[in-house]
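Engineer: Would you be able to build a 3D model of this:
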Amino acid sequence: MLRPKLRLFLRSVALRLLRVRTTYCAATIELLRQERVIVCSNHVSLLDGVIVALASPVPLTFGVDTDFSRRSKVASRGMAVLSWLGFGAVVPIDGNSPFGIRSLSKALDRGESVMLFPEGQISETGHPCAEQPGVTWLVRRSGAKVVRIRILGAERSRFFAKSGDKLWPRIEIQF
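Structural biologist: Model (predicted):
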């Protein structure tokens, strides 16, 4: 069982290198471990999905924009490695096609938990954008509960956010 030990080690090292502090609520952890849920987070940088995958106490099935999940060689390879290590799976999502969101619905039907950035885009300012209808459709279709998490500080990254002012900011993720 090398992979679970390797995963724990890599999680710890990667979160430390990324300067991420994670705080957990006991009720959220219990929901994640015992039920299928739809995890939703604000979206403030290109690092958000990686941070959520590393910090999540359970593997999640991520709905990821097709530009990143298929067309970007760096992003798709990085996601493939995270999936191989057991940090979750990736489902390509295209706003012009229903197949991705239906795949997430099937994952929920199988008892898996899924993760979406309901805004569908990275915020320019770090403030929430309007949510897209996908989460509402998934909740109605599956009856799954929604768990809201929050990422703070990643919007300040000059490398990964749209209007960052820090080279390597401290980041907090709240589960």
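Engineer: quick one, helices of this structure?
Structural biologist: Counting by DSSP state H, the chain has helices at residues 2-17, 26-34, 48-55, 66, 73-84, 99-109, 134-142.
Engineer: Of all the ones you listed, which one is nearest P118?
Structural biologist: With respect to P118, and counting by C-beta to C-beta, the nearest of the helices of the chain is helix 134-142 at 4.5 Å. For the C-beta atoms, the positions are set from N, CA and C on the backbone; glycine is no exception.
Engineer: pull the helix or strand with minimum mean pLDDT from this structure.
Structural biologist: helix 66 (a mean of 81; mean pLDDT, DSSP states H and E).
Engineer: R16: how many residues sit nearby?
Structural biologist: If you count neighbours by other C-beta atoms under 10 Å, R16 ends up with 10.
Engineer: With P57 as the reference, measure out to it.
Structural biologist: Using C-beta to C-beta, to the nearest Å, we find R16 at a distance of 17 Å from P57.
Engineer: Next, the contact list for the nearest residue to A55 once chain neighbours are set aside, please.
Structural biologist: Excluding the flanking residues, the one nearest A55 by C-beta to C-beta, 6 or more residues apart in numbering is T22, at 4.5 Å. Taking C-beta atoms under 8 Å, 6 or more residues apart in numbering, we find T22 in contact with 15, 55, 172-175.
Engineer: The same query, at a cut-off of 10 Å, please.
Structural biologist: T22 makes contacts with 11, 15, 51, 54-57, 149, 171-175, as judged by C-beta atoms under 10 Å, 6 or more residues apart in numbering.
Engineer: Among the residues you listed, which one is most surrounded by other residues?
Structural biologist: That'd be I171 among the contacts of T22, by other C-beta under 10 Å, with 25 neighbours.
Engineer: What is the neighbour count of the residue nearest to it when sequence neighbours are not counted?
Structural biologist: The shortest distance from I171 to any non-neighbouring residue, by C-beta to C-beta, 6+ apart, is to G153 (4.1 Å). Other residues near G153 number 20, with proximity taken as other C-beta under 10 Å.
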